[in-house]
Every structure is written in C-alpha cells, then in structure tokens.
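A.B. asks: this is a predicted model, with the sequence first.
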Amino acid sequence: MSDYPIEPLPISEPDPPLRPSKKVDLSLVSWIIRLTLPVALGGHAESVVGMIQLFLVGLLGPAALSAVGISQAFNRVLFTAMMSISRGALTMVAQAIGADSPEQASATAKQAFTLLFGFSILFGVCSLAISPFLIPSLTSDREVIALGTPYLQVFFVGIPFMTLNRAVASCLQGAGDTRTPFFLSLLSSSVQITTSTVLIFGYWGFPELGVVGAAVGGFTGRAIATLVGFGLLYSGRASLTLLSTTSYRFNWELARRILKVGVPSGIQGILRNGSGLIYLKFVGLTALSTTAVAAYTIGSQLEHILRRTGLAFGTVATALVGQSLGAKDPDAAERSGWTTLLISVLTSVLLSLPVALFARQFMGLFTDAPDVIDIGVTYLLVMVLAEPFVCASNTSGGALRGAGETMAPMYYTLISQWLVRLPVAYALAFVLGYDIIGIWAALVIYGILQAFLTVRKFAQGRWKTKVI
C-alpha cells in the first residue's frame, strides 16, 4: 500500500494573468475524482462492516440485535466527538504540507495523536464507570441489558485504537494521500469481519463470545490497522512522515489551534446527529408509526451511501483548500473549492437518478409489505431531491474547513436542522395534518437552506485571509 507514489497536488501554479477571475478549473477534475474515490470507498467499507456485523449478531436473536443497535447509538456520539480533533489535524497538516513544512506537519500529527490518546483514555475510563447504566437508560429488557453492557465495555476499552486509527487516516488525507487510508480501511474491515465471525460463533476452537465477539472483532481490526498505519508514518514511505525532531509532548499553542478548527466541527456533528434522533421520533409519532419507521430505516441505508460520497468530497475539499492556503495561493484554493463543489453536486445528481428510477425495486429487496414500500418510495424520491443540496453544503463546508473556518458551518447546521427542519417537520405533519409527507418535505427545505448558507459563505471569500 505504501509503494504508491504520492503525487503533488496540481495547485502550485496559478492561472495565467489573462484568467484571474476563473472559479472552476476543469484540469483539476480527474485529480479530484482520484482523490475522492478512495475516501468514498473507505467509508462504504466501514458501512458494509457494520451491516455484516448486524447480520451476524441478528442470527443470535432479536435481543442480541437490539443490544448492538442500542450500543451503537452511544458509539456514534463518541465517534462524532473524537472526529473533531481529527478534522482539526487534517486542516493543519494540509496547510503545513502546502507550505512545504514537513516538520510542522509531523508536529501537528503527533500533537493530534497526543490529544486523542489522552481524551480517549479519559473518556474510556469514565464510560466504563457508567457503562452499567447506559443500556438501561434506553430499554428495560433484561436480556438486552445483559448482552449490551459487556459489548459496550469492550468497545470502551478499544476507544484509543478507534480514535487513533481515524486520526492516522485524517493526517494522511490532509497530506494529499487518500489511497493509503483506503487500504488501511480495507485491512481493518477484513480483520473485523473475520474476527467477529470467528468469535461470535466460536469457530476454529476459539471461544464462543456471542455479542461480545462483535466488539472484540471491531477492537482487533482497528488495532491492527492503527499499528500498520503508524509503521507507515515512521517508515518515510508515506506522504506524511513522523520525524524524530518533533515530539509527542503536549504543546498548548499547537493543541489550541487544532481544537480551534476541530471543536466546532465536532459540535456540528453532534447537532446533526441529535437532530436526526428527534426527526426519527417525529416519524414514530405519525399515523402509521411502525410502517413509517420501517420505511425510514430501509431508506436511510441508501441515504447513508449517497451521504458518504458527499462527505468524501468534503474531505478532499479540505485537503485541497488547506494545501493551497499553506502554499500562499488563495486563488488556487478558490478554484479547488469551486471545482470540487461542482463535481460533487453533479456526482450526487448522477448517483441519485437510479435511486429515483428504481426506488420501488430497492424497497422490495428488504420488504414485501405494500404500505412500507409505498411510504419508502416517497421518502426515497424526496431524499433524491434533497441530496444534491446536502452534498453542496457538505462540500462547501469542507472547503471552509480547509481554511480553518468551522464556526459558520456549525451555526448553519444549528439554524437549518434545529430551527428549521424540526419545527417545519412538526408543523407540516401534526399542525397542518400532512402526516408523514410533511416529515419528508422538511428534508428538502432544510437541505436547500443549509446549502444556500454554506455556499454563500464560501462565495464571499473572506475565508482566504483567515489565520488559524
């Protein structure tokens, strides 16, 4: 994996003087796609692992499936919080690489690892202490509690490997290398699936751990990928090298800069996930509650696939804009941002078309209940309308993050998802009587608003002079 040559980003040469106002540079298209594809595929691989683990655990019975499902709700909160530091590191590594400062890139990466390790240990210890009370807070089923609590405890023990694994990938992506994190993701996914299968059912003489086996499998896969990733970072064969001249010692100034970029991104993720939970609650309050929740559960799986692609473009936009600004070339940063935005929206439209055309067939793969299929088809059609706007906000938000501008996207998430989507969904569904159709319609309204706010912020251009 590390034998791939790391090509420099084509951003060092500004446009000729005759084209100073050019926003979109089509010469960057193939490069952007080459960078984005591994990020998207790596994200999809993680989704596939989650689905396979749920399938394997589901063979143990509904209580086991519920235990893992509830546990993962807590896991997502942790993942979102820890991603904040990784995103801050991605931005600062990108700017350091653009400034041709491998030492600063190394120092930033090491500081991010120090922060994440410290936070993960603290969070893990605290979480272990309260783990007996977490599952009971969401269910009173004794069997689910008995199965889910040890699953969570093993997960909490493996928190340092999960967070460091994500940080390694983010730092490499910031350095312009998206292929190595993809191969690390494949390695982690393969180990997770194999180990989970063996330990859940006790194959090949290994102990039969049941639900806990899935947690141990996740722990093992991430640990191996993390160790391999660090080996590459020290080998000098990756786009980013951890230098002996830099230190893991806590540096307040460097930590402050990482957190200044990352914390708003983390809060943005928490706001997004929290809004989604309440949105799901609204779906459950509609007239055909069980049917609507089933349709939403199926449809959201496809939505996550499309959303992963949009988020991948956002990651690439962060790297490209960050490296351009590090190289003191704001015009190249602007071209990179607009070009990535254009490609991401067009890609979203192209990927959404088959969903619209074959919505009924997709729903039919998961259920034969006519009511679920009908409601699910409506959801998918509305989701297809909203997705290009959501993709635009994710990509332009990623471009802003490359400049260290993360407060504005956080505010836009608060406005569009909490102050608009949820009130509009409630009003349309329960005040005006449109029921589930009103819930779905709120998706398009919030998507348009968040895209408008975020793209407008990028278009204003003040981010080009921002100093982290």
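C.D. replies: Happy to help now that I have it.

A.B. asks: the strand or helix carrying Glu103: what's the following helix or strand?
C.D. replies: Assessed by DSSP states H and E, Glu103 sits inside helix 102-134. Scanning forward in sequence from helix 102-134 by DSSP H and E, the next helix or strand is helix 142-157.

A.B. asks: which other helices and strands does the helix or strand following that next one contact?
C.D. replies: Going down the chain from helix 142-157, the next helix or strand is helix 159-174, by DSSP H and E. Contacts defined by 3 or more C-beta pairs under 8 Å, 6 or more residues apart in numbering; DSSP states H and E place helix 159-174 against helix 62-98, helix 102-134, helix 179-201, helix 211-235, helix 289-326. All C-beta spots, glycine's among them, are computed from the backbone N, C-alpha and C.

A.B. asks: let me know the average pLDDT across the helix holding Glu103.
C.D. replies: Per-residue pLDDT over helix 102-134 has a mean of 85.

A.B. asks: rewinding a little: closest one to Ile32 among the helices and strands packed on helix 159-174?
C.D. replies: helix 289-326 (6.1 Å; C-beta to C-beta).

A.B. asks: still on that earlier bit, give me the angle between the helix holding Glu103 and helix 142-157.
C.D. replies: For helix 102-134 against helix 142-157, the angle by axes from the mean of the first three to the mean of the last three C-alpha atoms, to 10 degrees is 160 degrees.

A.B. asks: ok, how many other residues are close to Ala255?
C.D. replies: Counted with other C-beta atoms under 10 Å, the neighbours of Ala255 add up to 17.

A.B. asks: pretty sure it is touching Leu115, no?
C.D. replies: Yes: at 5.8 Å, Ala255 and Leu115 qualify as touching, with contact defined as C-beta atoms under 8 Å.

A.B. asks: and Leu380, how far from Ser352?
C.D. replies: According to C-beta to C-beta, to the nearest Å, Leu380 and Ser352 sit 9 Å apart.

A.B. asks: what about these two, which has more around it?
C.D. replies: Leu380 (24 against 21).

A.B. asks: which SSE is the more buried one in?
C.D. replies: Using DSSP H and E, Leu380 falls within helix 370-402.

A.B. asks: which helices and strands sit right next to the helix or strand just after that helix?
C.D. replies: Per DSSP H and E, the first helix or strand lying C-terminal to helix 370-402 is helix 407-413. Secondary-structure packing of helix 407-413 (3+ C-beta pairs under 8 Å, 6+ apart): helix 252-284, helix 370-402, helix 435-460.

A.B. asks: one more time with 6 Å
C.D. replies: Packing partners of helix 407-413 (3 or more C-beta pairs under 6 Å, 6 or more residues apart in numbering; DSSP states H and E): helix 252-284, helix 435-460.

A.B. asks: please identify the buried residues of that helix?
C.D. replies: Buried residues in helix 407-413, counted by 16 or more other C-beta atoms under 10 Å: Met407, Ala408, Pro409, Met410, Tyr412, Thr413.

A.B. asks: list the contacts for the spatially most central residue of the chain?
C.D. replies: Centroid-nearest residue in the chain, with C-alpha atoms, centre = their mean: Leu311, separated by 6.4 Å. Applying C-beta atoms under 6 Å, 6 or more residues apart in numbering to Leu311 gives the contacts Asn394.

A.B. asks: pretty sure Val455 contacts Thr395?
C.D. replies: No: under the criterion of C-beta atoms under 6 Å, Val455 makes no contact with Thr395, lying 8.8 Å away.

A.B. asks: of those two, who's got more company?
C.D. replies: Between Val455 and Thr395, Thr395 has the larger neighbour count (other C-beta under 10 Å), namely 34 against 22.

A.B. asks: per-residue pLDDT, the more buried one?
C.D. replies: Listed pLDDT for Thr395 reads 95.

A.B. asks: let me see the contact set for it.
C.D. replies: Per C-beta under 6 Å, 6+ apart, neighbours of Thr395: Phe313, Gly314, Ala317, Thr340, Leu341, Ser344.

A.B. asks: and for Phe250?
C.D. replies: Residues in contact with Phe250 (C-beta under 6 Å, 6+ apart) are Thr114.

A.B. asks: ok, Phe161 next?
C.D. replies: Counting by C-beta under 6 Å, 6+ apart, Phe161 makes contact with Arg222, Ala223, Thr226.

A.B. asks: who's in contact with stretch 184-204?
C.D. replies: Under the contact criterion C-beta under 6 Å, 6+ apart, stretch 184-204 has outside partners 42, 45, 49, 52-53, 56, 206, 208-209, 213-214, 216-218, 220-222, 224-225, 229.
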